[in-house]
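K.L.:
Got a sequence here, can you build the structure:
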Amino acid sequence: MILPPIPENEEERLSALRAYNIMDSLPESDYDNLTKIASEICQVPVALITFMGRERQWFKSKVGVDLSENQRNFTFCAHGMIDTSKPLVVNDATKDPRFVNNPLVTGPFQVRFYAGVQLVNKAGFPLGSICVLDVKKNELSQTQLETLKVLGQQVTRLLELRKTIADLEISKEHLLRTNKHLQEYDYIISHDLKAPLRNMKHLAEAVNEIYEDKLDDTGKKYLQLIDETATDAISYVTGILNYSQATHYISALKEKIEVGDFLKSIIRQQKVPNHITITVPDQLPVVQGSKAIFRQIFSNLINNAIKYHDKEEGWIKISHTEGENQHHFQISDNGCGIPEDKIKSIFTLFYMVDKANAKDNKSSGIGLSIVKNLITEMEGTIEVASTLGEGTTFKFSIPK
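P.N.:
Okay, the predicted model is just below:
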């Protein structure tokens, strides 16, 4: 057995790894889907997504093993870190002097075959690997190796997306007060995130088309999961962009808005189920303001009422009263309502009352933050009253 060499830039590599805060994180379906696909495509019982610490290799995702980590000195993956330009493939570990006496080979696991692709970040540091293993000697086709490389690229993109979203979360308190920082993220989100996410979606479609005859139903299902995950992530990133752009509307040119006709136009653009009725008063004011602002506010509130409706016969009612210096609008529904202990949090950026239901409804927890931000910037106020199981009412007031 030959111990794996330590990279010359090991301290810098470890620092880069820490920046992703991935070690010992909770399981995530996005990573699990990729290991399942790797196992299926390579036709091996074990597949892993691993990250290499100073003394241990930790498994972010695994198929076919119960272990959660391994000693670094015993790992196959650590040998692959020295040359990241190509996969490390060991067809028969008992014939390879690096592993012939390795406990993973001679012990109860009886590893004979290994193929792994290094996960290299933008700075060129190998952080871990996606790998497949077998208890018998094996050999991958060139197509299988290329697919394993592609899956490794997707893991790296997920890792970069994780870091970017974490950075956004850390900054969210500042984002609520100013849009300047979000403007700085526009380019990153538009190009560095949306482009690879679109590529991930197109890649899943391409793999499905090219290898359709070679994949069984399980493999096709996992490709569909990648496609759906990419679609959800694109929607999430788009929501962040919408938030960052929303405050630009505050300084937009003000114009005359006939609220009645304007609301009807917004409602026509919504996907309103047949069992939900939306009523708008016959008499609504003409106001001076930005159509972009009013569209964001009403669209988000109406869309929210539609999404979280659980009655066989539903209604959404819009009303208006006029004060001396303010317009008062109210949007009520008889939907599922909001738990009392969560009402105070609904305007928080990224907050979702029911994450499972929000995922089904393609919600990212950003719409109500946009509404709150815009109304506050207009020197208005918004409040909400809700009864769980009965419905919700949003009231907002804006200066004339």
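K.L.:
So what pairs up with residue 57 in the strands?
P.N.:
Note on residue 57: beta-bridge partners residue 52, residue 70, judged by DSSP bridges.
K.L.:
Could you do the one 4 residues further on as well?
P.N.:
Partner residues in beta bridges with residue 61: residue 49, with DSSP bridges as the criterion.
K.L.:
My read is that it contacts residue 34, right?
P.N.:
Yes. Applying C-beta atoms under 8 Å as the test, residue 61 and residue 34 come out as touching, 7.1 Å apart. Where C-beta positions appear, they are placed from N, C-alpha and C, glycine not excepted.
K.L.:
pLDDT below threshold where in the stretch 201-350 of the chain?
P.N.:
Scanning the stretch 201-350 of the chain for pLDDT under 70 picks out the ranges 232-253, 349-350.
K.L.:
so where do the helices sit in it?
P.N.:
Along the stretch 201-350 of the chain, counting by DSSP state H, counting those that start in this stretch, helices occupy 217-246, 259-269, 291-307.
K.L.:
So residue 61 and residue 34 - more neighbours on which side?
P.N.:
Higher neighbour count among residue 61 and residue 34: residue 34, with 26 against 21, using other C-beta atoms under 10 Å.
K.L.:
in what helix or strand does that one lie?
P.N.:
Using DSSP states H and E, residue 34 maps to helix 29-42.
K.L.:
How about residues contacting that helix?
P.N.:
For helix 29-42, contacts defined as C-beta atoms under 8 Å, 6 or more residues apart in numbering pick out 45-49, 60-64, 115, 130, 132, 140, 144, 147-148, 151, 154-155, 158, 211, 215-216, 218-219, 222-223, 225-226, 229.
K.L.:
switch the cut-off to 7 Å
P.N.:
Residues outside helix 29-42 that contact it (C-beta atoms under 7 Å, 6 or more residues apart in numbering): 47-49, 60-64, 130, 132, 140, 144, 147-148, 151, 154-155, 158, 218-219, 222-223, 225-226, 229.
K.L.:
now these: which count as buried?
P.N.:
Among the contacts of helix 29-42, those classed as buried by 16 or more other C-beta atoms under 10 Å are 47-49, 60-63, 130, 132, 140, 144, 147-148, 151, 154-155, 158, 219, 222-223, 225-226, 229.
K.L.:
tell me the domain boundaries of the chain?
P.N.:
Split into domains by automatic domain parsing, the chain comes to 1-141, 171-250, 252-399.
K.L.:
so which of those gets nearest residue 165?
P.N.:
Checking those against residue 165 by C-beta to C-beta gives domain 171-250 as the closest, at 8.1 Å.
K.L.:
Most tightly packed of the helices of the stretch 201-350 of the chain?
P.N.:
Stretch with highest mean neighbour count among the helices of the stretch 201-350 of the chain: helix 291-307 (a mean of 21; mean count of other C-beta atoms under 10 Å).
K.L.:
export that helix as PDB, just CAs?
P.N.:
Extracted in PDB, the C-alpha atoms of helix 291-307 (Å, rounded to 0.1, in the frame of the first residue of the first chain):
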ATOM      1  CA  LYS A 291     -47.300  50.900 -13.400                       C
ATOM      2  CA  ALA A 292     -44.300  48.700 -12.800                       C
ATOM      3  CA  ILE A 293     -44.700  49.100  -9.000                       C
ATOM      4  CA  PHE A 294     -48.400  48.600  -9.000                       C
ATOM      5  CA  ARG A 295     -48.100  45.500 -11.200                       C
ATOM      6  CA  GLN A 296     -45.500  44.000  -8.800                       C
ATOM      7  CA  ILE A 297     -47.700  44.600  -5.800                       C
ATOM      8  CA  PHE A 298     -51.000  43.400  -7.100                       C
ATOM      9  CA  SER A 299     -49.600  40.500  -9.100                       C
ATOM     10  CA  ASN A 300     -47.800  39.100  -6.200                       C
ATOM     11  CA  LEU A 301     -50.700  39.400  -3.800                       C
ATOM     12  CA  ILE A 302     -53.200  38.000  -6.200                       C
ATOM     13  CA  ASN A 303     -50.900  35.200  -7.300                       C
ATOM     14  CA  ASN A 304     -50.200  34.400  -3.700                       C
ATOM     15  CA  ALA A 305     -54.000  34.100  -2.900                       C
ATOM     16  CA  ILE A 306     -54.400  31.800  -5.900                       C
ATOM     17  CA  LYS A 307     -51.500  29.500  -5.100                       C
END
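K.L.:
show me what contacts residue 386?
P.N.:
Applying C-beta under 7 Å, 6+ apart, the residues near residue 386 are 337-338, 343, 392.
K.L.:
Try it again at 8 Å.
P.N.:
Neighbour list for residue 386: 337-338, 340, 343, 392-393 [criterion: C-beta under 8 Å, 6+ apart].
K.L.:
quick one: secondary structure of residue 22?
P.N.:
Residue 22 falls in the coil class when you classify it by DSSP: H, G, I helix; E, B strand; the rest coil.
K.L.:
Bridged to the closest residue to residue 379 other than its chain neighbours, which residues?
P.N.:
Computed as C-beta to C-beta, 6 or more residues apart in numbering, the closest residue to residue 379 that is not its neighbour in sequence is residue 399, at 5.7 Å. Listed by DSSP bridges, the beta-bridge partners for residue 399 are residue 326.
K.L.:
List the residues that contact residue 399.
P.N.:
Counting by C-beta under 8 Å, 6+ apart, residue 399 touches 325-326, 378-380.
K.L.:
Distance of it relative to residue 7?
P.N.:
Going from residue 399 to residue 7 by C-beta to C-beta, to the nearest Å gives 61 Å.
K.L.:
Same question for residue 286.
P.N.:
Computed with C-beta to C-beta, the distance linking residue 286 and residue 7 is 68 Å.
K.L.:
okay, the two: which has more neighbours?
P.N.:
Legend: neighbour count by other C-beta under 10 Å for residue 286 and residue 7, higher for residue 7 (17 against 11).
K.L.:
Mind checking what secondary structure the more buried one has?
P.N.:
Strictly by three-state DSSP, residue 7 counts as coil.
K.L.:
So what does it look like in phi/psi?
P.N.:
Backbone geometry at residue 7, expressed as degrees, to the nearest 10, gives phi -60, psi 150.
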